[in-house]
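> the sequence isn't on hand, but the structure is:
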């Protein structure tokens with residue numbers, strides 16, 4: 001069996017992610033999409049009239065900022081702005097909301113996840129050595145065996161943010177140390193844009209600045225110019241929201257009294273509970289939902305011997321976002337899957353797997369943990385946001401996938417029936433459009449197809465390399 005090439009990798013991942021991409025919006029995604037609607041339809045940043053239309057009736061709007069009685073998005077603006085042209089076009093042709101949500105999510109979450117995997121693959125090709133695994137394997141671990149899979153199917157910011165940050169690294173990695181100042185500026189712009197898309201990602205700028213200083217000191221000025229130019233867009237955006245360029249939306253969050261305490265953006269003090277919860281806790285533990293990453297941590301020293309600067313970057317990025325997650329007042333991340341603030345660390349964390357030897361003592365352990373990680377993340381990617389905060393999320397996802405059925409409730413305000421979509425696997429929009437969403441067997445077919453595609457990709461990568 002041949003190894004995985006670039007086209008197979010990207011097309012396979014796009015299909016696997018697209019099969020599980022949802023057409024509904026919940027608490028976190030709705031404000032971001034509502035901003036795209038407001039900008040596309042009315043050229044304004046106020047989302048009052050759009051938020052109730054965008055969010056699914058099973059969830060109440062809670063993620064937004066309020067200033068002078070106006071509702072505005074509390075999220076970084078980049079993804080909303082990128083969605084505006086598509087949203088405007090779909091509204092012009094009177095496309096249903098579910099279609100707009102699906103296509104924008106596909107283009108701004110699923111596709112960036114596949115492209116991040118492609119960059120991991122290309123990095124692996126540059127450092128590949130005979131006897132180690134296929135360069136495609138770490139890329140597939142990232143996209144299919146971590147919670148990047150889950151966030152590649154929803155209109156959260158993490159997939160796009162991760163792509164921008166990792167693309168910044170890749171440009172610095174491939175740049176000529178003496179001459180490629182344009183690449184350094186582009187790398188700075190990319191990581192700066194990551195910060196405009198998701199506020200915690202601003203922490204990645206000093207990490208990549210450190211990496212640039214280690215790899216190519218002459219490129220540091222260009223990197224700084226690019227990153228500061230991109231980040232300067234945030235004060236302009238904040239001024240449009242509040243008339244105050246240096247007041248982020250978190251200051252005006254509607255739940256600021258309980259969810260935004262601390263020094264900045266809800267960041268307070270580090271707690272042991274958060275440390276264990278983020279690493280090995282049953283509901284949000286990174287190594288519980290993706291135990292295959294344990295092998296990556298074990299191999300970090302081996303990567304350091306060959307690529308010390310890249311290893312330092314992995315450590316810096318991981319520590320920066322880990323400290324943010326564990327110091328955040330709502331470190332669980334609400335109704336979410338896994339430690340979601342750590343998603344941008346994942347493409348960096350899988351890089352040590354490039355040093356894995358296919359016939360060493362770690363190999364069978366890796367295979368077992370990979371199988372578990374892939375199955376858990378597949379089933380959770382096929383599920384909507386889990387509502388339990390202290391239980392193993394795959395437990396509820398497996399149960400919903402196996403036994404969940406269609407159930408309608410009444411909207412309290414109007415008395416109209418609506419489907420509680422969180423009770424069973426995600427239903428692909430094509431099934432809704434064909435009016436076949438009451439067919440429980442058909443509803444589960446996209447999960448099976450996604451799993452089959454993922455398994456075939458992993459199998460080919462496991463057989464490749466050498």
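That came through fine. Only a predicted model underlies this, so the values are computations on that prediction, with no experimental measurement involved.
> from now on I want contacts and neighbour counts done on CA atoms only, so please keep to that.
Fine.
> for the stretch 251-400 of the chain, give me the ranges with low pLDDT.
256-268, 386-389 (pLDDT under 70).
> please repeat the previous calculation with a cut-off of 90.
Low-confidence segments of the stretch 251-400 of the chain (pLDDT under 90): 251-274, 282-283, 325-336, 358-360, 384-396.
> all helices of it, in order?
Remark: helices assigned in the stretch 251-400 of the chain by DSSP state H, counting those that start in this stretch are 256-259, 272-279, 286-289, 293-298, 300-306, 308-327, 346-349, 363-381, 393-403.
> helices or strands up against the third one?
Helix 286-289 sits against helix 272-279, helix 363-381, with contacts defined as 3 or more CA pairs under 8 Å, 6 or more residues apart in numbering; DSSP states H and E.
> what sits up against whichever helix or strand residue 86 is part of?
Using DSSP states H and E, residue 86 maps to helix 78-92. By CA atoms under 8 Å, 6 or more residues apart in numbering, the residues outside helix 78-92 that reach it are 32-33, 35-37, 39-41, 100, 104, 108, 157, 160, 193, 196-197.
> can you lay out the helices and strands packed on helix 286-289 as TSV showing mean neighbour count and distance to residue 51?
Shown next, in TSV, are the helices and strands packed on helix 286-289 (neighbours: other CA atoms under 10 Å; distance: least, CA to CA, whole Å):
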stretch	mean neighbour count	distance to residue 51
helix 272-279	18	31
helix 363-381	20	25
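> which one of these lies nearest to residue 164?
For residue 164, the closest of the helices and strands packed on helix 286-289 is helix 363-381, at 22.1 Å, according to CA to CA.
> which other helices and strands contact the closest one?
Looks like helix 363-381 contacts helix 136-144, helix 148-151, helix 286-289, helix 393-403, helix 445-463 (3+ CA pairs under 8 Å, 6+ apart).
> ok, back up a step: and the helix holding residue 86, what's its mean pLDDT?
Averaged across helix 78-92, the pLDDT comes to 92.
> do stretch 218-235 as well
96.
> please verify my assumption that residue 52 contacts residue 63.
No: in this structure, residue 52 is not within contact of residue 63 by CA atoms under 8 Å, at 12.0 Å.
> joint contacts of those two?
Overlap of the contact sets of residue 52 and residue 63 (by CA under 8 Å, 6+ apart) is empty.
> the more surrounded of the two?
residue 63 (22 against 16; other CA atoms under 10 Å).
> I'd like the distance between that one and residue 191.
Distance of residue 63 to residue 191, given as CA to CA, to the nearest Å: 25 Å.
> if we can go back for a sec, quick one: closest of the helices and strands packed on helix 363-381 to residue 175.
Between the helices and strands packed on helix 363-381, helix 136-144 lies closest to residue 175; by CA to CA that is 21.4 Å.
> surely residue 270 meets residue 326?
Yes: using CA under 8 Å, residue 270 is in contact with residue 326, at 5.8 Å.
> residues contacting residue 300?
Per CA under 8 Å, 6+ apart, neighbours of residue 300: 311, 352.
> so of the contacts of helix 78-92, which ones are in helices?
32-33, 35-37, 39-41, 100, 104, 160, 193, 196-197 (DSSP state H).
> can you flag the buried ones in those residues?
For these, a neighbour count by 16 or more other CA atoms under 10 Å gives the buried set as 32-33, 35-37, 39-40, 100, 104, 160, 193, 196-197.
> out of those, which two sit at the greatest distance?
The widest separation within these (CA to CA) is 23.6 Å, between 100 and 193.
> what about the residue lying closest to residue 98 once chain neighbours are set aside, which helix or strand?
Sequence neighbours aside, residue 23 is the residue nearest to residue 98 in space, at 4.7 Å (criterion: CA to CA, 6 or more residues apart in numbering). Under DSSP H and E, no helix or strand contains residue 23.
> and for residue 409?
strand 408-410.
> now stretch 309-322, how far from the centre of its chain.
How far stretch 309-322 lies from its chain's middle: 18 Å, per CA atoms, centre = their mean, to the nearest Å.
> contact partners for residue 122?
Contacts of residue 122 (CA under 8 Å, 6+ apart): residue 135.
> okay, it and residue 202: tell me how far apart.
25 Å.
> in this structure, which residue sits furthest out from the middle?
Residue farthest from the centre of the chain, counting by CA atoms, centre = their mean, is residue 415 at 35.5 Å.
> more crowded one of residue 270 and residue 326?
A side-by-side neighbour count of residue 270 and residue 326, using other CA under 10 Å, places residue 326 first with 26 against 16.
> can you pull the contacts of that one?
By CA under 8 Å, 6+ apart, the neighbours of residue 326 are 270, 271, 274, 275, 278.
> what about 10 Å?
Listed by CA atoms under 10 Å, 6 or more residues apart in numbering, the contact set of residue 326 reads 267-279, 332, 339, 341.
> name the nearest of the residues you listed relative to residue 407.
Nearest member of the contacts of residue 326 to residue 407, counting by CA to CA, is residue 332, at 28.3 Å.
> so the closest one makes contact with residue 278?
Yes: the criterion here is CA atoms under 10 Å, and residue 332 meets it with residue 278 at 7.8 Å.
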